[in-house]
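Peer 1: please find the sequence and the predicted model below.
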Amino acid sequence: MSEAPTLGTIDWENPFPDVPSHLGMDPYSIPLEELNPAQPELFEADQQYKYFERLRKEAPIHKTEVSQFGPYWSVTRYEDIMHVDKSHQIFSSETGITLNDEDEDFKLPMFIAMDQPKHDVQRKTVQGVVSPRNLMNLEPLIRERAGKILDELPVGEAFNWVDKVSIELTAQMLATLFDFPFEERRKLTRWSDVATAGPGMGIIDSEEQRRAELIECLESFTQLWNDRVNSEPGNDLISMLAHGESTKNMPPMEYLGNLILLIVGGNDTTRNSITGGVYALNKWPEQFAKLKADQSLIPNMVAEIIRWQTPLAHMRRRALVDTELGGQHIKAGEKVCMWYLSGNRDENQFPDADKLIIDRPNARSHVSFGYGIHRCMGNRLGEMQLRVVWEEILKRFKHVEVLEEPSRVRSAFVKGYSSMQVMVHA
């Protein structure tokens, strides 16, 4: 195997030199058959939306032949995405959920990347942690922690909202859900970032580094597993996995796979929606004025923020059989990418879709959480965290002012922010 590139050998502007970069180009000027929307640098520069606008208009089921991920189909309209997501007997998640090909030497089975019946059994094992009763018990703790984080912010001074609020709150929440050592909670954030990164994205330098850091994650959680399996069943995720009939004999890599799924699921959605909401309300100040005039809009606004942000840009499936979709013939074995961020900007479903409208009547019908059997297990927990954060922000601050354009993550999967300078006004 050839050695993976190191930091010094990567051209950060074009980390995949064999794939023509679209950065800075007008998507309507590119031949349709050459369009490749899954370029991480487009997302980092926030230039992706026009590509999906064109695909929805001209080729809603579109095949890209040349990309850093190999050939793949893009599904870009809301209705088609819904069809693929609920047709799990035609479109399988068994070989992975991102456009990246599975690493044959480092396979990480996880229940979101399993088909029935194993998917349903494993998901059910951990679903109790986000049951309505458990969420009701968690809310006072989330509120207390959110309040403490906000109270410690430097009023009238510039600071990085992503680090001080979004990452800190989600790290605390994850530590609580796993009953993970609280003082080491930032390890969870790091493992989440590493799990979804690849060389050339600014998080890791090589696949070898990625594997090594994820093995550290497995070692830490194996120690916690051994503690929990010999104790009475608790109400945390590790205890649920250790005592669950379908999960207590999991091989180590399947344990790691499910841990990564739960860490990423608990981290990225909430973290990037907390930042995205602040950014969007600065972009449309009349919506913030509407919110301050009527705080009962917060729950609907939360759904609208999650639609507008779409924290995970896509989910991938693989066709199990030859099938037809939108007049295109998809062959068995081909990759099919559901672009959730495109479905959430589909004007036929969401009029004025590029704008945040906090009282949008159908905000809750977004596809950010997926649909069907793979719908995000923690969606209610994520919504509750966002609701509580906004209730607590409005108690304390007149305005959270965004001082400059945020820095975004170089990824076509995680649609997020690495930093955003803000100032809070009491």
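Peer 2: Thanks, I have the structure now.

Peer 1: tell me how far the residue nearest the centre of the chain lies from Arg211.
Peer 2: Geometric centre of the chain, nearest residue: Leu312, 3.3 Å, by Cα atoms, centre = their mean. Using Cβ to Cβ, to the nearest Å, we find Leu312 at a distance of 22 Å from Arg211. Placement of C-beta: from N, CA and C, glycine included.

Peer 1: for Gln328, same thing?
Peer 2: 36 Å.

Peer 1: now stretch 62-79 - C-alpha only, CSV.
Peer 2: What follows is stretch 62-79, C-alpha atoms only, in CSV (Å, rounded to 0.1, in the frame of the first residue of the first chain):
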residue,chain,number,x,y,z
HIS,A,62,-27.8,13.2,-12.1
LYS,A,63,-24.7,11.0,-12.5
THR,A,64,-21.2,12.3,-11.9
GLU,A,65,-18.7,9.9,-13.5
VAL,A,66,-15.4,11.6,-12.2
SER,A,67,-15.0,12.5,-8.6
GLN,A,68,-12.7,11.8,-5.6
PHE,A,69,-15.4,9.4,-4.5
GLY,A,70,-15.8,7.6,-7.8
PRO,A,71,-19.0,7.6,-9.9
TYR,A,72,-22.2,8.5,-8.0
TRP,A,73,-25.8,9.5,-8.6
SER,A,74,-27.1,12.8,-7.1
VAL,A,75,-30.8,12.9,-6.0
THR,A,76,-31.6,16.5,-5.5
ARG,A,77,-35.4,17.1,-5.3
TYR,A,78,-37.4,16.7,-2.1
GLU,A,79,-39.9,14.0,-3.4
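
Peer 1: circling back to that earlier point, residues touching the residue nearest to the centre of the chain, list them.
Peer 2: The contact partners of Leu312, by Cβ atoms under 8 Å, 6 or more residues apart in numbering, come to Asp268, Thr269, Tyr340, Ser368, Phe413, Val414, Lys415.

Peer 1: list the contacts for the third one?
Peer 2: Right, Tyr340. Counted by Cβ under 8 Å, 6+ apart, Tyr340 has contacts Ile81, Thr310, Leu312, Ala313, His314, Met315, Val367, Ser368, Gly370.

Peer 1: got TSV for the residues you listed, with pLDDT too?
Peer 2: Shown next, in TSV, are these (pLDDT from 0 to 100):
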residue	pLDDT
Ile81	96
Thr310	96
Leu312	90
Ala313	94
His314	92
Met315	89
Val367	94
Ser368	91
Gly370	81
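
Peer 1: looking at the residues you listed, which are in strands?
Peer 2: Using DSSP state E, the members of the contacts of Tyr340 that fall in strands are His314, Met315.

Peer 1: pLDDT weak spots in the protein?
Peer 2: 1-18, 95, 101-135, 200-201, 266, 372-378 (pLDDT under 70).

Peer 1: run the last query once more with 80
Peer 2: When residues are selected by pLDDT under 80, those of the chain lie in 1-19, 93-98, 100-138, 196-202, 234-237, 240-241, 244-250, 258, 261-269, 371-381.

Peer 1: would you map the strands across it?
Peer 2: 61-64, 72-75, 91-92, 159-160, 314-319, 323-325, 328-330, 335-339, 399-402, 407-408, 417-419, 421-425.

Peer 1: quick one, which of these gets closest to Glu144.
Peer 2: Glu144 sits nearest to strand 421-425 of all the strands of the chain, at 19.2 Å, using Cβ to Cβ.

Peer 1: give me the residues contacting the closest one.
Peer 2: So strand 421-425 is contacted by 153-161, 278, 396-404, 406 (Cβ under 8 Å, 6+ apart).

Peer 1: that one pairs with which strands, parallel or anti?
Peer 2: strand 159-160 (antiparallel), strand 399-402 (antiparallel) (DSSP bridges).
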